[in-house]
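Asks: let's see this in three dimensions:
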Amino acid sequence: MPIAIILLLIDVSLIVHAAKTGRFSPWAYLILLLPGVGAVAYVPGRVAARVVWQRAGAEDPPACHQHARSGEAVPQVADDLSITDTIANRVDLAEECLLLGKFEEALAHYENALSRPLGDEPAYALGKARAQFGLKRPQDAVVTLDQLR
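Replies: All right, here's what the predicted structure looks like:
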């Protein structure tokens, strides 16, 4: 009986963690439906994200992953991109970089997103123009906006 209680506490804490980091679906369902096995699957995924950053030669995520007010890392954005390099994750990271004034990094992420198949979303071009304007290159921003038209 005590093992079941311990397993329940571990599962509940991992579900709370998944919800706080924006990964409620599908992880909460896996943890609930597969007690123990779901938890074992969730934890290595989180550890793998850290290993990817360390193998890339960085102890922490890049500078634009630092929260503007507290200086803490923004783990959700960093982990999402390191686990799955999708357009949505890259654009989320670019938005964070824009908010923090890391315009060069934001521009690189937006250009990457725009160069991919299905990456021709007008919002991405607008973000690219915002990054160019932040880099004090208004002529490039105007060209990007004209291409958007």
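Asks: so I10 is in contact with G38, correct?
Replies: No. Using Cβ atoms under 8 Å, I10 makes no contact with G38, being 10.2 Å away. Heads up, the C-betas are built off the backbone N, CA and C, glycines and all.
Asks: so what are the domain limits for this protein?
Replies: 2-55, 63-148 (automatic domain parsing).
Asks: quick check: which of the ones you listed is buried the most?
Replies: domain 63-148 (a mean of 17; mean count of other Cβ atoms under 10 Å).
Asks: show me where this structure has its helices.
Replies: Under the criterion DSSP state H, helices of the chain are mapped to 2-20, 24-33, 37-55, 75-83, 87-99, 103-115, 122-134, 138-148.
Asks: may I see these organised as CSV, with mean pLDDT added?
Replies: Output for those, formatted as CSV (pLDDT from 0 to 100):
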stretch, mean pLDDT
helix 2-20, 83
helix 24-33, 82
helix 37-55, 65
helix 75-83, 67
helix 87-99, 86
helix 103-115, 91
helix 122-134, 92
helix 138-148, 89
